[in-house]
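Colleague: I would like the atomic coordinates for the input below:
(chains A and B)
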Protein chains: 2
Amino acid sequence: MAHEPEEDFRSGLMTAGLLIATEVDGIYLRSGTFESVARAIDVLVSAAGSDQNAEVLHLPAVMPRSVLEQSAYIRAFPDLVGSVNTFEGNDALHIEILRRLERGEDWAELFGRSDVVLCSAACHLVYPTCRGRLPEGGRRFEVFGQCFRHEPSLDPARMQAFRMHEFVYVGDAEGAVAHRDAWLERAAQLLGGLGLPVTAVLASDPFFGRAGKLLSANQRAEALKHEVVTSVQPGEGPVAVASSNCHLDHFGRAFGIESADGTVAHSACVGFGTERIVLALLAAHGLDPVCWPSNVRDQLWPSRT
Amino acid sequence: MAHEPEEDFRSGLMTAGLLIATEVDGIYLRSGTFESVARAIDVLVSAAGSDQNAEVLHLPAVMPRSVLEQSAYIRAFPDLVGSVNTFEGNDALHIEILRRLERGEDWAELFGRSDVVLCSAACHLVYPTCRGRLPEGGRRFEVFGQCFRHEPSLDPARMQAFRMHEFVYVGDAEGAVAHRDAWLERAAQLLGGLGLPVTAVLASDPFFGRAGKLLSANQRAEALKHEVVTSVQPGEGPVAVASSNCHLDHFGRAFGIESADGTVAHSACVGFGTERIVLALLAAHGLDPVCWPSNVRDQLWPSRT
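Modeller: Below is the predicted model of the structure:
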């Protein structure tokens, strides 16, 4: 196997103890140091949205299966979804599980579909709480979410389990576009201010399959999704560290949400990828946060300076 | 339906906006206020273990399937496990998913067993990182874990997705017993100091099925598991808010861990149930943390006083 530049960064993270790999690609344990950076970023992002009077929501790692279906995420990204199965059996079926474990056979097929799935995107759980008529001005949420995306990779910037810190707007069409545009600028400013070489670019989602190519092209043509990208590893392509999206009335229709004037609500969200921002900072400033430039440290840990 | 006392507490939590229910019992969104208490408890628990020189580990919500199998958790608690299935299909199978969604049919059975499952207990992911010979004195870990247990319930103290903050010891037999006993006392002191009426009791795990009854009885006879329990709702039974357990050489054998003298390692862990502690505090001191007794507030938010 050729010696890839991403292997250098990855093995550096492991050697420094910042991440501990498991036997499944993209699933890591994180160190206290890694988390202290993640926590500091969360505080900075919250501060950047302190003018939003947002309702704060912390999400569980799983959500009702119906939310996945209603959001249409399962239609667009079936390959990324984690569907949770559980055991509803009795003693006899338990004995069969034990027998299969003994022989190294598949016990999981004795499990049946549960009513939950892994959260695919932080904001999806928010929309069902908005059903009905919105107040004048819409609603704003600050969301701490945990996501799962089934895309095993050795690239540490492509974890299967990761966090997303979002600001979500649900209201009218004009407000949604304004939210997306304002936050694209804020995100670029915040991340650029931490010494990351960032660029705002037009983007699209990796919709599944042949039909997905058309959806991606439409999304790009309508300029709905923008990303703040940066370089995490020399010689590698840019990685999105934040994403600001307008959903038009997609979620308003899907979850029965009306704006104050009775029309179908529009929505927009900005998502900061917590783990990716930590990794980008480690790549830009070195693997020991104690040695980061003081202007970066002062922003992340103001009280300690 | 009779008006249960737990309904009062539950609906109080909802009305106060501390928790937002979803359509799946035991899956909640949590408010910023709820989380500020959870965060403060984490800081207090960390401080209680500051003498441990523990390696800090933050866990993802999913873990390798092999860890579930090797830990034998799947043998003992199949009914609590969440097994993750994913889609490895092509365009044709995608079209079949869309067809089934259209008709309200089961699309999840087109998904196959993945190599991950939801984390069942925080410490399980720690043991695979200890394979081989331990240093003199063993190793100590402070673990921030996320757990899933399939036990749908309307009781807010029985969430399906919740956090566990653990201190884990892996070393020799004597050290494991000492860890369990020391932490049982520390946990009772810490939680009692927050004004919770706590008791330390002998306990056992809810092993599955007919064979499970024997395992529970053995565990109790060997006095391996102790819990710190408190009352969350008047008229309801006590709820465990912390649990201190000695595993003997169960995990040492399962994951090939040797103590410094070459014998199979023993382990012990104490786990604090973050959400349950928040709920117990809300039950004891009222639904608005701003109005909690000042000696409780001073401990949880020392810098603000």
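Colleague: which residue does the stretch 51-200 of chain A bring closest to chain B?
Modeller: Using CB to the nearest CB, A:V56 is the residue of the stretch 51-200 of chain A that sits closest to chain B, at 3.1 Å. Quick note: C-beta positions are derived from backbone N, CA and C, even for glycine.
Colleague: Am I right that that residue is in a strand?
Modeller: Yes - under DSSP: H, G, I helix; E, B strand; the rest coil, A:V56 sits within a strand.
Colleague: wait, doesn't it sit right on B:S36?
Modeller: No - using CB atoms under 8 Å, A:V56 is not in contact with B:S36; the gap is 9.1 Å.
Colleague: A:L190: which element?
Modeller: Of the helices and strands defined by DSSP states H and E, A:L190 is found in helix A:173-192.
Colleague: May I see the buried residues of that helix?
Modeller: Of the residues in helix A:173-192, A:173, A:175-177, A:179-180, A:182-184, A:186-188, A:190-191 count as buried by neighbour count, 16 or more other CB atoms under 10 Å in any protein chain shown.
Colleague: cool, stretch A:153-171 as well?
Modeller: A:155-171.
Colleague: same question, stretch A:134-152
Modeller: Neighbour-count burial for stretch A:134-152, with 16+ other CB under 10 Å as criterion, is recorded at A:134, A:138-150.
Colleague: before we move on, what about stretch A:10-27?
Modeller: A:10, A:12-13, A:18-22, A:24-27.
Colleague: what's the answer for stretch A:79-92, then?
Modeller: For stretch A:79-92, the neighbour count (16+ other CB under 10 Å) marks A:79-87, A:89 as buried.
Colleague: Now it: average pLDDT?
Modeller: In this model, stretch A:79-92 has a mean pLDDT of 96.
Colleague: Can I get it in CSV? Just the C-alpha atoms.
Modeller: Coordinates of each C-alpha in stretch A:79-92 appear next as CSV, following Å, rounded to 0.1, in the frame of the first residue of the first chain:
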residue,chain,number,x,y,z
ASP,A,79,-26.7,4.4,1.9
LEU,A,80,-25.8,6.7,4.8
VAL,A,81,-28.7,5.6,7.1
GLY,A,82,-28.3,3.5,10.3
SER,A,83,-31.5,1.5,11.0
VAL,A,84,-31.8,0.1,14.5
ASN,A,85,-33.1,-3.4,15.1
THR,A,86,-34.0,-4.9,18.4
PHE,A,87,-34.9,-8.3,20.0
GLU,A,88,-38.5,-9.0,20.9
GLY,A,89,-38.0,-12.7,21.4
ASN,A,90,-38.5,-15.2,24.2
ASP,A,91,-36.3,-17.8,25.9
ALA,A,92,-36.4,-20.1,22.9
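Colleague: what distance separates it from the centre of its chain?
Modeller: Taking CA atoms, centre = their mean, to the nearest Å, the mean C-alpha location of stretch A:79-92 is offset from the chain mean by 24 Å.
Colleague: Say whether chain B is contacted by that stretch.
Modeller: Yes - contact of stretch A:79-92 with chain B (CB under 8 Å from any CB of the partner chain) involves A:79, A:81-91.
Colleague: cool, and stretch A:268-288?
Modeller: No - contact of stretch A:268-288 with chain B (CB under 8 Å from any CB) is absent, the minimum separation being 9.8 Å.
Colleague: so how far is the first residue of that stretch from its last?
Modeller: End-to-end distance of stretch A:268-288 (CA to CA, to the nearest Å): 36 Å.
Colleague: and it, how far from the chain's centre?
Modeller: Chain-centre distance of stretch A:268-288: 12 Å, with CA atoms, centre = their mean.
Colleague: Quick one: mean pLDDT over it.
Modeller: Here stretch A:268-288 scores 97 as its mean pLDDT.
Colleague: Let me know the pLDDT of A:A2.
Modeller: A:A2 is given a pLDDT of 47.
Colleague: residues touching the residue nearest to the spatial centre of chain A, list them.
Modeller: Nearest residue to the geometric centre of chain A (CA atoms, centre = their mean): A:M164, 3.9 Å. By CB atoms under 8 Å, 6 or more residues apart in numbering or on different chains, A:M164 lies in contact with A:121-122, A:143, A:145-147, A:271-274.
Colleague: possible to save the residues you listed as TSV with secondary structure?
Modeller: Rendered in TSV, the data for those read as follows (three-state DSSP):
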residue	secondary structure
A:A121	coil
A:A122	helix
A:V143	strand
A:G145	strand
A:Q146	strand
A:C147	strand
A:G271	strand
A:F272	strand
A:G273	strand
A:T274	helix
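Colleague: Specify which member of those residues is nearest to A:V232.
Modeller: Among those, A:G273 lies closest to A:V232 (CB to CB), at 11.0 Å.
Colleague: which SS class is the residue nearest to the closest one when sequence neighbours are not counted?
Modeller: Spatial nearest neighbour of A:G273, excluding adjacent residues (CB to CB, 6 or more residues apart in numbering or on different chains): A:V241 at 5.6 Å. Of the three states, A:V241 takes strand under three-state DSSP.
Colleague: A:V241: what's it in contact with?
Modeller: Neighbouring residues of A:V241 by CB under 8 Å, 6+ apart: A:191, A:196, A:198, A:228-230, A:272-273, A:276-277, A:280.
Colleague: again, only using 7 Å
Modeller: Contact analysis of A:V241 by CB atoms under 7 Å, 6 or more residues apart in numbering or on different chains lists A:191, A:228-230, A:273, A:276-277, A:280.
Colleague: Check which helices and strands the least confident helix or strand in chain A by mean pLDDT sits against.
Modeller: Using mean pLDDT, DSSP states H and E, helix A:5-15 stands out as the lowest-scoring helix or strand of chain A, at a mean of 86. Here helix A:5-15 touches no other helix or strand, going by 3 or more CB pairs under 7 Å, 6 or more residues apart in numbering or on different chains; DSSP states H and E.
Colleague: Tell me the residues on the stretch 151-300 of chain A that lie near chain B, please.
Modeller: For the stretch 151-300 of chain A, the residues in contact with chain B (CB under 7 Å from any CB of the partner chain) are A:161, A:208-210.
Colleague: List the contacts of A:A61.
Modeller: A:118-119, A:146, B:61, B:146, B:161.
Colleague: got it, and A:G138?
Modeller: Applying CB under 7 Å, 6+ apart to A:G138 gives the contacts A:169-172, A:175, A:259.
Colleague: The same query, at a cut-off of 8 Å, please.
Modeller: With contact taken as CB under 8 Å, 6+ apart, A:G138 is in contact with A:169-172, A:175, A:259-260, A:265.
Colleague: which residue sits closest to it, ignoring its sequence neighbours?
Modeller: Setting aside the residues directly before and after it, A:G138 is nearest to A:G171 in space (CB to CB, 6+ apart), at 2.1 Å.
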